[in-house]
Every structure is written in C-alpha cells, then in structure tokens.
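In: pasting the sequence and the predicted coordinates here, then a few questions.
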Number of protein chains: 2
Amino acid sequence: MNTINASIITIGDELLIGQTIDTNSAFIAQELNKAGVWVHRRLAVGDVYEDIWKALDEEGKHSSIVIITGGLGPTADDITKPLLCKYFGGQLIVNEKVQAHVKYLFEKVYRRPGALLERNLKQAEVPDVCTVLHNERGTAPGMMFGPQPNGTVFFSLPGVPHEMKGLIVKEVIPRIKALFQLPVIVHKTLLTAGIGESMLAEQISDFENSLPPTIKLAYLPNFGMVRLRLTTQGDDPVQLEQKMQSYFEQLQLAVQQYLVTNEDEGLEKVVGKILLQQNQTMGLAESCTGGYIAHLITSIPGSSAYFKGSVVSYSNEIKEAVLGVSSSTLQTEGAVSEATVREMVSGALTSLRTHYALAVSGIMGPDGGSEEKPVGTVWVAAGNKEKTETIQLNLRFDRKRNIEMTAMHALNFLRKFILANS
Amino acid sequence: MNTINASIITIGDELLIGQTIDTNSAFIAQELNKAGVWVHRRLAVGDVYEDIWKALDEEGKHSSIVIITGGLGPTADDITKPLLCKYFGGQLIVNEKVQAHVKYLFEKVYRRPGALLERNLKQAEVPDVCTVLHNERGTAPGMMFGPQPNGTVFFSLPGVPHEMKGLIVKEVIPRIKALFQLPVIVHKTLLTAGIGESMLAEQISDFENSLPPTIKLAYLPNFGMVRLRLTTQGDDPVQLEQKMQSYFEQLQLAVQQYLVTNEDEGLEKVVGKILLQQNQTMGLAESCTGGYIAHLITSIPGSSAYFKGSVVSYSNEIKEAVLGVSSSTLQTEGAVSEATVREMVSGALTSLRTHYALAVSGIMGPDGGSEEKPVGTVWVAAGNKEKTETIQLNLRFDRKRNIEMTAMHALNFLRKFILANS
C-alpha cells in the first residue's frame, strides 16, 4: 500500500516572529499518524497573501492531504477565507446552518446575545466550493476543498487550539479515512536514563545493524535522557504488531540496565504508575523548581490518588516555618546544601503525611551563584520514614533549562529510590 | 531598504509525528527579527534524504538566509551532514580545531575521557566547502555554506536547544549582520483583558482605519485575553521609533479600560513588577493548578524578591493541616467553594507571612465533576490581611487548558486586587 503524505500549513505572523510556539501542528501530526497518514512537511507562513497562495500551490503538489490552520478569526488581519475562496474559484455565501450555530453560541453558551456583532455573523460566510465542517466549539467553521482534480484534498481549520482539536477528531480524520486507503503506522518508544546518546548507540549497535530496512530507529535525547523509537508501516496490523513487538523486546533487552519505561510517557507518569501499584503516596518540598515538579505530576489526570501536595518553599522563612528546616542548618550549610534538602524531606514527610517525599534546592540562575556554589548547583533528596538519600547535580546553561533538568533528574532519583526501598 | 527574507528548516521525524514540539524555531525567529531579518517561512521535514534535499532547493530560492537545525548528532539516524556535503559539492574532512574541542569537552567539561568514542570524534568531520562555526556548548559544530552564487547563505546548526541558541547568538547573527544590509523591524505589543477579540476590534476600528499601510496590526487572542501587536520596518531607527510610539500611544488610549500591560510580557511578570514597585510580597495556596501558578511566577529571574512560596494543597488533608482550612467548611461547602478559597487565602497569609495571597480550587477534569459542580468549576480568592475577594470561573474543555486558563484568570484577579487595595 502506498504512503499517503500530508502537509500542515500554519498561518500567522506570530509564529514567524517567535511570539507563539506552534503546538497545533504536533497535535495534528499525532492524529494523522494514528490514522496512517505520514506528515512529511510542516510549513508556517505569515499573514501575507502571496506567501499563503504559494504555500497552497506547493504543498498541494507535495502532498495528498493539506491541512491549513489559522487566519479564520473575525478581525481584519485574517485574510485566509477570501484567499481560499479565490484560490479554489468560488464565491462567499452565507451558510444558514453556520449562522444559526453562531447565534446559538452567543445566546446559549456564551450567554451574551448582545455581544453578537456583524463581524461574528460574517463568520457564517463560506466559499460555495467547500464542504462546511461543523465547529461545535466556536464560531469559525472548518472547510474542506476537494478532492481536487489531482486527488489532493485541503482542510482549513481555525487556529484556536481547542476548536482545531475538535474539528480534527470529529470531522477531518473520519473524512480522510473515507477518502483514502490508508496503511497502518506503528511506533514503539522507550525511555532510557543514565547513558548518553553515543554510548547508547555503541551498546545497541548489533541490534541496530540487525534491523530490516522497513524498520527505522530514532534517537531522541532530552534532559540527559534518551528516548528510542522504532517505526514501521504496512497493511496487516496484526502481523505488523507481532514483527515490531519482537524487535522492540530485543531493544528493551539491549538497554535493560538503563530502561525507565517501555511506553511513550514522561517520568511523572512512570512515578505515578509505580505509586498507584503500591498504593502509596508522595509529597514534595520544592525550592529552586518553584512548583514545576508539582505541575508535572498534577498534569496527569487522577494524580490526586497518590500526590498529596507540595510545599514550594522559595524563601528560607518558609523552609523554617512550614518545613521545619533548622535555622542553624540554613545558616551554617546554606539553603543549597545536602543538610537542607535532607531536612526538607523530613519536613515534607511530616507536614504532608506521605509515604515518600522529594526535595530540591539549587541555584537556577542567571544570578545567585558564588564561587563555591556556582549557578547550576543543585541538591536533591528522596526519602521515606526509614531513610533519605541525596545527590548533587552540576548543571549549566539557562534558568529555564536548569529548572527542567532538575525536575527530570529529581523525578528519576525518586523513581529509583521507590523501586529500591519498597 | 529591501526586506531580507529567511527560511528556517527543522529536520527530524519527531517533529512530524508530533512527539516533540518545536521550540527552536521560535527562538531563531525572535533573534532574526531583532536583527532586522523577516522569517517568512518555517518548514519542518523528516529524516528523509529526498525531503531534506528538496527543502534546501526550495528554501534556497525563497529566501536569502536559510537556517537548518537538527540532524547533526553522533548516531546513524542523522543523515544531514553527508547530505549537506553532497548538496554543496564538497568532501568530508577532519577539522583539527573541532577535534581538539571534542576532546577538550570529554576531558575537561564532561570529565569522562574514557567515554570518548570514534563516533564522537567523527563529529569533527566537516564538509571542506563550509565555514566552521564554533559550538562552545557541544560536540557538533555549526556550518555556514555560502553566500551561494544567487546570494543565499545557508547555516546548519545542531538541534539541541542550548547548543543551537549559543550558535545563533555568537556566530550566526554577527555573520548575517556582516553579510547583509538590514532594515530595522519594530514591534510594539500590549495585552488586554476583559474583552473579546470581536468587541475589541469594534472598539478600535477608528484607530485601525487610521493606520498607514506600512504599519500592521495583529490580534493574538489567548486564554481569554487578547494581545495587540503593531509592526513596521524601515531604515532610520529613531524616526521609526517615534512614528510607532505615536500610534502605539493612540492604541493604548483606545483600549485604556482593558489594558494590562504595554509591553510584550506575561501576567506573571506584570504582577511581579507591581509587587517590586510596592516592595511587597505574595504567596499562593494552589489546589487545582497544582503548582503551575508558582512555576509561572518563579520562571521570572529575581522573583524571590517578592514571591515567598506556595502551598500546593492537592489533598483536603493538606488544606486542613498546612493551611488551616476547617474540616467543617470542607465537609459542608466542599473543597471547591467560595468558603474554602477564602480560608485558603487566610491560611496562606498566616503560614507564608506575605502581604498578599492568591488561592485557587477547582475541578480540572476529565473526571471529578458533578451535576452541581461540573468540570471547569473554579473558585479564586485574592486577599491581604484587611480583606479577601473572590470570583467563580466556569471553564470548559480539557484539563491542560483549564489549568492554564485558571492560572491566567487568577493572576489577573490578583493584579486587580493589588492595584485596588494598595
């Protein structure tokens, strides 16, 4: 079966001046991939007529499916709809279903019928050459153009993430499945820690050489850990799954001692699964990460089953008052010290009443470093009521990355502590 | 002066299957913009020989500057360097400076000379037709090809964010400034809250109609707030700044009652600036946001001057034990109630000893909702020792967005509280 290629075009100057990070494309790519469509190009262009036109021309030749997001809002800087209308040779007409939906949203959902403006009603105008895709989450409808004479089909969606997501799942994917005969794409991903990309490549070179050309291996290093991904595609899902499973098991064996998880999930999920399994709880005492570890953990639905809370003790006062770190420790050893994180763990275990506690204290930069404790000096402690273990990290670079690196190392340290002490 | 256009090409399957969100491009675009270069296309392609080749061909015609990131690692899935070598008609040769740098990193910085592998040394091989760009933060050098006969210059950089960032700032931007005569690009951005995109467009329609064609106005709605951006470019920085300032002041006047800040900064920065000015402090009691508000605030360098900490009270136990919320309130009113967030503020003021406290409690989903309190029900309270005010939010959609929306609304509520009560 042939690969069906897709292009994603995102429209908006904010993407090109770096004001906004494009998260829409990742979601669209994931959903297309699950359906068996290979996204081979992602293009961002600004709110510029000729640039959008050229993008449609080129991507329409490169791909069988072109998904366009953005540029459909109610304000004057959005030029996409008239452009699409001209590009596909149609005329703008009022779609009564869309108009009724816009009115319904203002009256029943937003409950502000008086706020309905002419420019909102104009969103019900669509090119007469498109199929309207119902956007239950907002006023701008999705549009499908084609299949064109060369077989390519274009989808235009609003750029507001939750509206775009609803349209992709409910409208776009079902239509693509109806229009194309799609192969099955299978990815298998695992996460390793404690070994660099190059050493890992040496470690699994025999495995890598044994892979058939139909299976691709990718290395994805991030935050001092490396994710490995196997990818293949074919027709028969059962056969494909079996073949992949066998190679994936060999890969897991080859990286055994560094394996964190054999699923495509983050460390916060891995730690949560272990705690759920053991029916135990955890708490945090965060200084330098400022709540970021708690945020990662609580981003997982259902985390309240094992996560009780965090004391973000950004000041020494809070370390003393809420966590009971002794003022003499803070004075003699400093807030960034092994002694302090040990006392933070003990304070968190007491005040949060959990089985495990994790504590971090460090200097994230750009200021606050000294010769003795430069920016990037971090102490991490993990403990339960029997014992507490610590490590020191020496990070480099910028504040944002230091916070993220600290969170990842700390979660991995807690994971190992729980596994070794349960 | 002519606009100098740039394209950014990012290489890697992880971007095309949605496994990774592309943050590199935003950074590169920001830096190019500051230097006066207009990024008009951003393209992502996979680790596929023909796709990369075609991208070089096309973007080399579209743009005077092409920046390529990714595909330069030490493992076999990285095919970019040999491809670039062939594309620009060169041969791979060992660059002794790079080789010495790789050895230096392993010996002195990583302090693991034994971990140095043949494949790491191979990173010192570069095409003999490129100018090597020193990567002080890693082993893969940057490369500059050209200017080519048509005037276009290509830069190839590793995809690891902190290595790429170092190369952009220290090597790429200075070379671009030396090669091209660049105009000045000026953006002015403000943030509004409390008014939707459409109503805002009505409110400022006279202003919008008065803008000369050389100044662009963009609407950037996000989390229930709308950012407005004016953009222009020209030769004379002083004259440009004056002209923009005059229009920007008119715009601020037109949106006066909704204006949050007249700089391109987040709410967490705005709140921090107000507190710094007043020499006052704040603390948090976070339930449903799980540390996310604390993370936003502590992402600002220097936030320790006004932020003391947060009690992330994810369980009711912690609300009682650490924040002193009464068990009768939790039983009769529930954790998501006006009474609970009021007591959380009072508990945070006491235990964190700050001038202001902000508390949130809500149901983020996907589970935990009831008929009386559906997913998206949130209570927010802001207070000082004299008084506490509350609002209720009714959000919709997914967990991640609900957490982000709650954080933004809560920070804005605190901002208004501080301004009204100081």
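Out: Done, it's in.

In: quick one: contacts for residue A:216?
Out: Residue A:216 makes contact with A:230, A:231, A:232, B:13, B:47, B:77, according to CB atoms under 8 Å, 6 or more residues apart in numbering or on different chains. Every C-beta, even on glycine, is put in place using the N, C-alpha and C of the backbone.

In: most neighbours out of these, which is it?
Out: Neighbour counts for the contacts of residue A:216 peak at residue B:13, which has 23 neighbours (criterion: other CB atoms under 10 Å in any protein chain shown).

In: what helices or strands is the helix or strand hosting residue A:82 leaning on?
Out: For residue A:82, the enclosing helix or strand under DSSP states H and E is helix A:80-87. Contact here means 3 or more CB pairs under 8 Å, 6 or more residues apart in numbering or on different chains; DSSP states H and E; on that basis helix A:80-87 packs against helix A:49-62, strand A:92-94, strand A:125-127, strand A:153-157.

In: and the helix or strand just after the second one, what's buried?
Out: Read that as strand A:92-94. Later in the chain than strand A:92-94, the nearest helix or strand by DSSP H and E is helix A:96-104. Across helix A:96-104, burial judged by 16 or more other CB atoms under 10 Å in any protein chain shown covers A:98, A:99, A:101, A:102, A:103.

In: so how far is residue B:422 from residue A:110?
Out: Using CB to CB, to the nearest Å, we find residue A:110 at a distance of 33 Å from residue B:422.

In: what of residue A:328?
Out: Relative to residue B:422, residue A:328 is positioned 37 Å away (CB to CB).

In: and the two? Which one has more around it.
Out: Under the criterion of other CB under 10 Å, the comparison of residue A:328 against residue B:422 puts residue B:422 first, with 13 against 9.

In: pLDDT weak spots in chain A?
Out: Within chain A, the set of residues satisfying pLDDT under 70 comprises A:1, A:74-77, A:397.

In: please repeat the previous calculation with a cut-off of 80.
Out: The model of chain A has pLDDT under 80 over residues A:1-2, A:18-21, A:71-78, A:109-115, A:222, A:224, A:396-397.

In: quickly list the domain ranges of it.
Out: A:4-179, A:184-261, A:267-420 (automatic domain parsing).

In: wait, residue A:422 sits on residue A:278?
Out: Yes. Residue A:422 lies in contact with residue A:278 (CB atoms under 8 Å); the separation is 5.8 Å.

In: to the chain's geometric centre, what's the distance from the helix or strand hosting residue A:275?
Out: In this structure, residue A:275 is located in helix A:267-278 according to DSSP H and E. Computed by CA atoms, centre = their mean, to the nearest Å, the chain-centroid distance of helix A:267-278 equals 19 Å.

In: neighbours of residue A:94, how many?
Out: 11.

In: list the contacts for it?
Out: Residue A:94 touches A:124, A:125, counting by CB under 8 Å, 6+ apart.

In: packing partners of the longest helix belonging to chain A?
Out: The longest helix of chain A (DSSP state H) is helix A:399-420. Packing partners of helix A:399-420 (3+ CB pairs under 8 Å, 6+ apart): helix A:267-278, helix A:292-298, strand A:356-362, strand A:377-383, strand A:388-394.

In: tell me what angle that helix forms with strand A:377-383.
Out: Interaxial angle of helix A:399-420 relative to strand A:377-383 (axes from the mean of the first three to the mean of the last three CA atoms, to 10 degrees): 30 degrees.

In: okay, helix A:399-420 in PDB with CA atoms only?
Out: Extracted in PDB, the C-alpha atoms of helix A:399-420 (Å, rounded to 0.1, in the frame of the first residue of the first chain):
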ATOM      1  CA  ARG A 399      17.400  29.200  34.100                       C
ATOM      2  CA  LYS A 400      14.500  27.500  32.100                       C
ATOM      3  CA  ARG A 401      16.600  24.500  31.200                       C
ATOM      4  CA  ASN A 402      18.100  24.200  34.700                       C
ATOM      5  CA  ILE A 403      14.600  24.100  36.200                       C
ATOM      6  CA  GLU A 404      13.500  21.400  33.600                       C
ATOM      7  CA  MET A 405      16.700  19.400  34.100                       C
ATOM      8  CA  THR A 406      16.400  19.500  37.900                       C
ATOM      9  CA  ALA A 407      12.800  18.300  37.700                       C
ATOM     10  CA  MET A 408      13.700  15.400  35.400                       C
ATOM     11  CA  HIS A 409      16.800  14.300  37.400                       C
ATOM     12  CA  ALA A 410      14.800  14.600  40.700                       C
ATOM     13  CA  LEU A 411      11.900  12.500  39.400                       C
ATOM     14  CA  ASN A 412      14.200   9.800  38.200                       C
ATOM     15  CA  PHE A 413      16.000   9.900  41.500                       C
ATOM     16  CA  LEU A 414      12.700   9.400  43.300                       C
ATOM     17  CA  ARG A 415      11.700   6.600  40.900                       C
ATOM     18  CA  LYS A 416      14.900   4.700  41.700                       C
ATOM     19  CA  PHE A 417      14.500   5.400  45.500                       C
ATOM     20  CA  ILE A 418      11.000   4.000  45.500                       C
ATOM     21  CA  LEU A 419      12.000   0.900  43.500                       C
ATOM     22  CA  ALA A 420      15.000   0.200  45.800                       C
END
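
In: buried residues in it?
Out: Across helix A:399-420, burial judged by 16+ other CB under 10 Å covers A:399-418.

In: and what of stretch A:358-366?
Out: By neighbour count on 16+ other CB under 10 Å, the buried set for stretch A:358-366 is A:358, A:359, A:360, A:361, A:362, A:363, A:364, A:365.

In: next, the distance between the ends of it.
Out: Counting by CA to CA, to the nearest Å, you get 24 Å between the two ends of stretch A:358-366.

In: distance from the chain centre to that stretch, please.
Out: On the basis of CA atoms, centre = their mean, stretch A:358-366 sits 24 Å off its chain's mean C-alpha point.

In: over to stretch A:28-37?
Out: For stretch A:28-37, the gap between its own C-alpha mean and the chain's C-alpha mean amounts to 15 Å (CA atoms, centre = their mean).

In: residues making contact with it?
Out: In this structure, residues lying in contact with stretch A:28-37 by CB under 8 Å, 6+ apart are A:4-6, A:8, A:38-39, A:42, A:65, A:67, A:69, A:164, A:168-169, A:172-173, A:176-177, A:180, A:182-185, A:187, A:233, B:15-19.

In: and those, which of them are in strands?
Out: Per DSSP state E, strands hold the following members of these: A:4-6, A:8, A:38-39, A:42, A:65, A:67, A:69, A:184-185, A:187, A:233.

In: give me the subset of those residues that also touch chain B.
Out: Within the set of the ones in strands among the contacts of stretch A:28-37, contact with chain B (CB under 8 Å from any CB of the partner chain) is found for A:38, A:39, A:42, A:187.

In: now for those, which pair is the farthest apart?
Out: The largest separation in these, counting by CB to CB, is between A:42 and A:187 at 17.5 Å.

In: who has more neighbours, the two?
Out: A direct count of neighbours by other CB under 10 Å for residue A:42 and residue A:187 places residue A:42 higher, at 28 against 18.

In: thought that one was touching residue B:46?
Out: No. Judged on CB under 8 Å, residue A:42 makes no contact with residue B:46 at a distance of 9.7 Å.

In: need the overlap of contacts for those two.
Out: Listed as contacting both residue A:42 and residue B:46 by CB under 8 Å, 6+ apart are B:15, B:16.

In: for residue A:262, give me its contacts.
Out: If a contact means CB under 8 Å, 6+ apart, then residue A:262 has A:188, A:190, A:248, A:252 as its contacts.

In: understood, closing this out.
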